[in-house]
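Engineer: how would this look folded up:
(chains A and B)
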Amino acid sequence: MDRKKKRILASVQKPARYTGGEYNAVIKNKEEVDLRFAFCFPDIYEIGMSHMGLRILYGVMNEKADIWCERCFAPWPDMEDELRKNNMKLYALESGDALCDFDIVGFTLQYEMCYTAVLNMLDLGGITVRADERGEDEPLVVAGGPCAYNPEPLCDFVDIFNIGEGEEQMIELCDLYKRCKAEGKSKKEFLALAAKIPGTYVPSLYDIRYNDDGTVASITAKDGAPDVVVKRIIEDFDSVYVPKKVIVPTTEIVHDRVSLEVFRGCIRGCRFCQAGYAYRPVRAKHAKTLIEHGKEMCLETGYEEISLASLSTSDYKELPELADGLLDWCEPRNISLQLPSLRADNFSVELMQRIQKVRSGGLTFAPEAGSARLRDAINKNLTEEEIMNACKIAFENGRSTVKLYFMIGLPTETDEDIKGIAELSQKILYLWKTHATNKKRGVKITVSAACFVPKPQTPFQWEAQNTREEFKRKAQLLREAITAKAITYNWHEPDVSFLEAVFARGDRKIGKVIETAWKKGMKLDGWDEHFDLDTWLSAFEECGVDPAFYANRERSADEIMPWDHISTGVTKRFLRCECEKAYRSEASPNCREKCLGCGASKLLCGGECDA
Amino acid sequence: MRKVRVMYEKKGRAVYISHLDIMRTFQRVLTRAGIAVKHTEGFNPHPYISIALPLSLGYTGECEFLDMVILDDMSNEEIVSRMNETMPEGIEVIRAYENARPVREIAYSQFEIRMEYDDGVPLGVIKKLNDLFAREEVIIMKKSKRGESETNIAPMIHELSATERDGDIIINAVLAAGNTSLNPEYIVRAIDKYLPDCTPDFSEFTRKNVFDEKIHEFR
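Structural biologist: Modelled structure (predicted):
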């Protein structure tokens, strides 16, 4: 390590974020590889290292002898200051080389509020921020992840978006890149060829025209690019590559444990949830496979905890078998098993009691809405009886902490629905009073109410978001309705949600706003202490863009959406049908009860959705 | 079941692993190495391991000690090789042994302070440093359990000498450790207070050795 870097690391907080050298990090000889890939996570180390997609793609790429994939995270502002002051570029952790020295720089877009961090990391890494100004010899900039289902706000900065699951597509893209590099092809030639790889969106190959009112008039593909880019999926999920030698950070990260991905997709179809639609069709791994993976990963990492990852773990058909198999192995080794995303409806008492033997936590539910009527409208098929039953069992088993997650501002919501949140939490409190086995410890019920953000590729993509004033009024209403001292109400500022709503359904006009705000110093918008709505509003004004047009406007059913050329496999017709059912407060059966023909199973060649 | 002391080095990228994190790192190393150690009792069992002297963040350590109780029958050589096979970059076990001396016998640590001067080494700095630390009284503000106070650090300096090496000034110091200890950072602070012209632009610290009351190597 050179002297300059040593000095910088001595002056910043948590330097282990910036050193690399962790166990299982992959070190290769840069002279012996054909392609160098920098996997960039536009947030800090502790967040990025917890991300499953990074673990998977890092493993997939490094399995190839001729590719070296390294990692890079957004620096905290103290580190950024030091880098800029010392004329040092943002570097990847494995080699310490600057981002501009790489062939491909890839970002994962997990949430909209990371967009300025993408720009900032490019700039810090010595890469021209705007794609159309970037030189031939500069790295190719690619991006993927859930936000790529509406990639338009970042089209000014990104050369290629990967739509869908990346395990196969990334390798195909890398192979094409190597071939084009060897043949001396230009970036333009490469991009035209890349657009032919399924699931690859090259924004420069699409012309967008707008109507006078600002809505999209047309989206036209050129140079042989597909009219619609359909997302990629892994068809045989049971045998897909899973990294076992996961990097073990030396500093504590958010999810510091082995994470087992049980299945992709979700049978539930909650109408507000993008993941529930975008990750379809449902594909699961066998319990036998997962148990083997879990054991191997624990042995390779030394982690003392396994967590099951999926959108709704209790919908996993082989859950009893999986939990038993893992617990039998874990218990004698002091390894604990965590089961997040359990639904209250098929809550298993036995399972809960068994898990508790190793380590115990509180109870968390996400009823999302306060009334049965609104829960039907958003298709959160969870009845009050089910919630009460699960709480009752938990209280009888000595648990005394309950966290409840709700959203306010959902489509069709009335003030009665808001008050229903308070009523439901008070009923749970009463339940504790009548059923708790140990009242000495007291009870703690936490109610969190997030501001609803309509997301693209969901049945609510046409909806207007509540204004900030409306959110504040509703929050006040809820605060007044909650009277019990044992209930804590966590209120979320609507400012971030407002901006999130703009980016989520933004078009290419938003790119200029992001660039302007970044130049005004916005770079870590996901962090309260670095978020400043006023700066953003001034950026919107300078660019002549009205954020309310994106956040608070209801779209007509036939409007062309900025993301209409990106397909998750679920049809727009199906989404609209679900939206109209919401207006009628009508729930849909889950995919296991009845297939509604969303369209996603067409992504499986001859295969069947494993709902 | 037997008590084992592991002596290790911490250098390179690993110097940025904090004391708390190094404990967790060792827990995982032991799991990966398949070395069963005694766990704490209680609701949240974790391996019962301890580190003799915490090392400040950013310091290189050439003489670090980890104590544990192993459950399996395993030779010291095997412990060393198994641990080193699964170690993150920068940490290396030198040896493992039984019958280690109690940690309370630690009295001194030997540090090397490498001081960088961007505009070249100040004139006469070596003599000035050697003179300063030969005084009976070197008083600086020092933090202790009872808060910050003016403290004479001279009695805590058993030995100190300065030399020049490759354009840097190297201080070799044997400082009190254990109950009343002196972090080598205070040596640099004393320089800043008494010899402001000789304040380095950057200093790097390495713990080279650990001694008992009689300046015999502690192991």
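Engineer: quick check: B:Met141 touching B:Ile153?
Structural biologist: No - using CB atoms under 8 Å, B:Met141 makes no contact with B:Ile153, being 10.4 Å away. The C-beta positions use only the backbone N, C-alpha and C, and glycine is treated the same way.
Engineer: between those two, who's got more neighbours?
Structural biologist: Between B:Met141 and B:Ile153, counted using other CB atoms under 10 Å in any protein chain shown, the more crowded position is B:Ile153 (20 against 11).
Engineer: show me the contacts for that one.
Structural biologist: Residues in contact with B:Ile153, defined by CB atoms under 8 Å, 6 or more residues apart in numbering or on different chains, are B:Val138, B:Ile139, B:Ile140, B:Lys142, B:Leu182, B:Tyr186, B:Ile187, B:Ala190.
Engineer: quick check: phi and psi at it.
Structural biologist: The phi/psi pair for B:Ile153 (degrees, to the nearest 10) reads phi -90, psi -10.
Engineer: ditto for A:Arg283
Structural biologist: phi -140, psi 130.
Engineer: can you tell me how far it sits from chain B?
Structural biologist: According to CB to the nearest CB, to the nearest Å, A:Arg283 stands 31 Å off from chain B.
Engineer: that residue: neighbour count?
Structural biologist: Neighbour count of A:Arg283, defined by other CB under 10 Å: 23.
Engineer: next up, the contacts around it.
Structural biologist: When contacts are counted by CB under 8 Å, 6+ apart, A:Arg283 is found next to A:Ile233, A:Ile234, A:Glu235, A:Phe237, A:Phe263, A:Arg264, A:Gly265, A:Asp610.
Engineer: please, which helix or strand holds the residue in the stretch 401-550 of chain A that chain B sits nearest to?
Structural biologist: Here the stretch 401-550 of chain A gets closest to chain B at one residue, A:Arg441, 14.3 Å apart by CB to the nearest CB. In this structure, A:Arg441 sits in neither a helix nor a strand according to DSSP states H and E.
Engineer: next one: B:Val29
Structural biologist: Per DSSP H and E, B:Val29 falls inside helix B:19-33.
Engineer: tell me the helices and strands packed up against that helix.
Structural biologist: Other helices and strands packing on helix B:19-33, by 3 or more CB pairs under 8 Å, 6 or more residues apart in numbering or on different chains; DSSP states H and E, are helix A:287-301, strand B:49-51, helix B:76-85, strand B:91-97.
Engineer: lowest-confidence stretch among these?
Structural biologist: Looking at those, the lowest mean pLDDT belongs to strand B:49-51 (a mean of 93).
Engineer: strand partners (parallel or antiparallel) of that strand?
Structural biologist: Strand B:49-51 sits in its sheet next to strand B:60-70 (antiparallel), going by DSSP bridges.
Engineer: may I have the partner strand as CSV, with CA atoms only?
Structural biologist: As requested, C-alpha coordinates have been extracted for strand B:60-70 and formatted as CSV (Å, rounded to 0.1, in the frame of the first residue of the first chain):
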residue,chain,number,x,y,z
THR,B,60,0.9,-3.0,12.7
GLY,B,61,1.4,-5.7,15.3
GLU,B,62,4.2,-8.1,15.2
CYS,B,63,3.7,-9.6,18.6
GLU,B,64,0.0,-10.2,19.3
PHE,B,65,-1.6,-12.8,21.5
LEU,B,66,-4.9,-14.6,21.3
ASP,B,67,-6.0,-16.9,24.1
MET,B,68,-8.5,-19.7,23.8
VAL,B,69,-9.6,-23.0,25.1
ILE,B,70,-9.7,-25.7,22.5
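Engineer: report the buried residues of that strand.
Structural biologist: Of the residues in strand B:60-70, those with enough neighbours to count as buried (16 or more other CB atoms under 10 Å in any protein chain shown) are B:Thr60, B:Gly61, B:Glu62, B:Cys63, B:Glu64, B:Phe65, B:Leu66, B:Asp67, B:Met68, B:Ile70.
Engineer: could you dump the contacts of A:Arg283 into a markdown table and include distance to chain B and pLDDT?
Structural biologist: Converted to a markdown table, the contacts of A:Arg283 look like this (distance: CB to the nearest CB, whole Å; pLDDT from 0 to 100):
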| residue | distance to chain B | pLDDT |
| --- | --- | --- |
| A:Ile233 | 34 | 97 |
| A:Ile234 | 29 | 96 |
| A:Glu235 | 34 | 93 |
| A:Phe237 | 28 | 94 |
| A:Phe263 | 28 | 96 |
| A:Arg264 | 29 | 96 |
| A:Gly265 | 33 | 96 |
| A:Asp610 | 34 | 87 |
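Engineer: can you lay out those as CSV showing neighbour count and secondary structure?
Structural biologist: Listed next are the contacts of A:Arg283 as CSV, based on neighbours: other CB atoms under 10 Å in any protein chain shown; DSSP: H, G, I helix; E, B strand; the rest coil:
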residue, neighbour count, secondary structure
A:Ile233, 24, coil
A:Ile234, 17, coil
A:Glu235, 16, coil
A:Phe237, 22, helix
A:Phe263, 26, strand
A:Arg264, 22, strand
A:Gly265, 26, coil
A:Asp610, 19, coil
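Engineer: just flag the most distant two among the residues you listed.
Structural biologist: Spatially, the most separated pair among the contacts of A:Arg283 is A:Glu235 and A:Phe263, at 13.6 Å (CB to CB).
Engineer: mind listing the helices for the stretch 501-611 of chain A?
Structural biologist: Residue ranges of the helices in the stretch 501-611 of chain A, as given by DSSP state H, counting those that start in this stretch, are A:510-519, A:533-543, A:547-551, A:572-583.
Engineer: buried residues in the third one?
Structural biologist: With burial defined by 16+ other CB under 10 Å, the residues of helix A:547-551 counted as buried are A:Pro547, A:Phe549, A:Tyr550, A:Ala551.
Engineer: report the two of these separated the most.
Structural biologist: A:Phe549 and A:Ala551 (7.8 Å).
Engineer: between strand B:60-70 and the helix holding B:Val29, find me the angle.
Structural biologist: Here helix B:19-33 runs at an angle of 50 degrees relative to strand B:60-70 (axes from the mean of the first three to the mean of the last three CA atoms, to 10 degrees).
Engineer: check the offset of helix B:19-33 from the chain's centre.
Structural biologist: Centroid displacement of helix B:19-33 relative to its chain, using CA atoms, centre = their mean, to the nearest Å, is 18 Å.
Engineer: report the angle between that helix and helix B:76-85.
Structural biologist: Taking the same axes, to 10 degrees, one finds that helix B:19-33 is oriented at 110 degrees with respect to helix B:76-85.
Engineer: so what touches helix B:19-33?
Structural biologist: For helix B:19-33, the external contacting residues (CB under 8 Å, 6+ apart) are A:16, A:23, A:248, A:250-252, A:298-304, B:10, B:17, B:37, B:46-47, B:49, B:51, B:54-55, B:57, B:66, B:68, B:79, B:82-83, B:85-88, B:91.
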